[in-house]
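In: Quick one: sequence plus predicted model below, questions after.
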Protein chains: 2
Amino acid sequence: MAHPQQHSEYDVFAAFCPSRNVFAELADKWSLLLLLSLHELGEQRFSELQRSVTGVSRKMLTQTLRELERSGLVRRTVHPETPPRVVYGLLPLGRSLAERLVPVAEWVEENSGSVLEARRVFDGSRCSSVAD
Amino acid sequence: MAHPQQHSEYDVFAAFCPSRNVFAELADKWSLLLLLSLHELGEQRFSELQRSVTGVSRKMLTQTLRELERSGLVRRTVHPETPPRVVYGLLPLGRSLAERLVPVAEWVEENSGSVLEARRVFDGSRCSSVAD
DNA sequence: CCCCTGCGGTCTCTAATGTAGACCAGGTCT
DNA sequence: AGACCTGGTCTACATTAGAGACCGCAGGGG
């Protein structure tokens, strides 16, 4: 991570560093959900992904998958049948990232109750007190 | 993660699920970088964070920290000195998330070389062939 | 004295980005 | 023939991020 002392040549905290660029692109709702879904459910076609990652628009799906493909995380395979079947799957690089993403997704599912509760408290507390 | 079979009541893959909301908000460049920086460097004041997470604007810094505070991940402490000192630190909930984020950040720093390389290959391969 | 700096923000303006939804070609089903 | 499926693209609109001005308060330099 390079913050405490510079041990790596890449540092996500540095705005100019190429790794920040990579980080910024992956630190995105749809990229992460797609990687997670491909990891959990395995290869999927375009329309399957659209159903498994609920709420993603076709445009964002195309766009995000293209970026993941470009970055070497995802493989896009066109089966020239009719109707054409396009299948997306994780490449080793993508799989290794997805594995590190799983604990994060689990954290969200385990702790979103606490987060929601904290928000209610925070949002509620501001109506009462502050009368100086 | 709830995708293979529904074992949890929360499912980040479901657009309507509250956990998706939580996920979408955290799956963001600045939120993640701030959590990581607070985890690595410990408590920091506003301007220190702005320096440690290079490139963040004051607006996004304020906005993101407020959300993290609202969600119970970060604590904001105002020391009523002069000039006022405002210190941000991780709460246990935030720390537990940050810990799961560390491997992801490390992945990015270790593999951004491969990603960059994959991109060059991808971007380069399209100039050559396709001349019809 | 006035100007400039640093602090922790807020406000406004503009540029970029995300979302919704129409559209498209090729082939199948009825 | 007309409607529907596939995997997308294109356009229009709304939201959002980023740049930079401004703010009050304090200290330091000229």
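Out: It's in.
In: in chain A, which residue is closest to the centre?
Out: Nearest residue to the geometric centre of chain A (CA atoms, centre = their mean): A:Leu32, 1.0 Å.
In: Pull the contacting residues for the residue lying closest to that one once chain neighbours are set aside.
Out: Among residues not flanking A:Leu32 along the chain, B:Ala27 sits closest, at 5.1 Å (CB to CB, 6 or more residues apart in numbering or on different chains). Placement of C-beta: from N, CA and C, glycine included. Residues near B:Ala27 by CB atoms under 8 Å, 6 or more residues apart in numbering or on different chains: A:Ala27, A:Asp28, A:Lys29, A:Leu32, A:Leu33.
In: Output those of those also counted as contacts of DNA strand C.
Out: The overlap between the contacts of B:Ala27 and the neighbours of DNA strand C (CB under 7 Å from any atom of the strand) comes to A:Asp28, A:Lys29.
In: Could you confirm whether stretch A:51-59 reaches DNA strand C?
Out: Yes - Stretch A:51-59 reaches DNA strand C (CB under 7 Å from any atom of the strand) through A:Gly55, A:Val56, A:Ser57, A:Arg58, A:Lys59.
In: Same question for stretch A:67-75.
Out: No - judged by CB under 7 Å from any atom of the strand, stretch A:67-75 and DNA strand C are separated, with a smallest distance of 9.7 Å.
In: I'd say the residue nearest to the centre of chain A and A:Leu26 touch.
Out: Yes - with contact defined as CB atoms under 8 Å, A:Leu32 counts as touching A:Leu26 (7.0 Å).
In: Show me where chain A dips below the pLDDT cut-off.
Out: Within chain A, the ranges that satisfy pLDDT under 70 run A:1-8, A:126-132.
In: Give the other helices and strands that the longest helix along chain A contacts.
Out: Criterion DSSP state H: the longest helix present in chain A is helix A:92-128. In terms of contacts (3 or more CB pairs under 8 Å, 6 or more residues apart in numbering or on different chains; DSSP states H and E), helix A:92-128 is packed against helix A:29-41, helix B:18-26, helix B:58-70, helix B:92-128.
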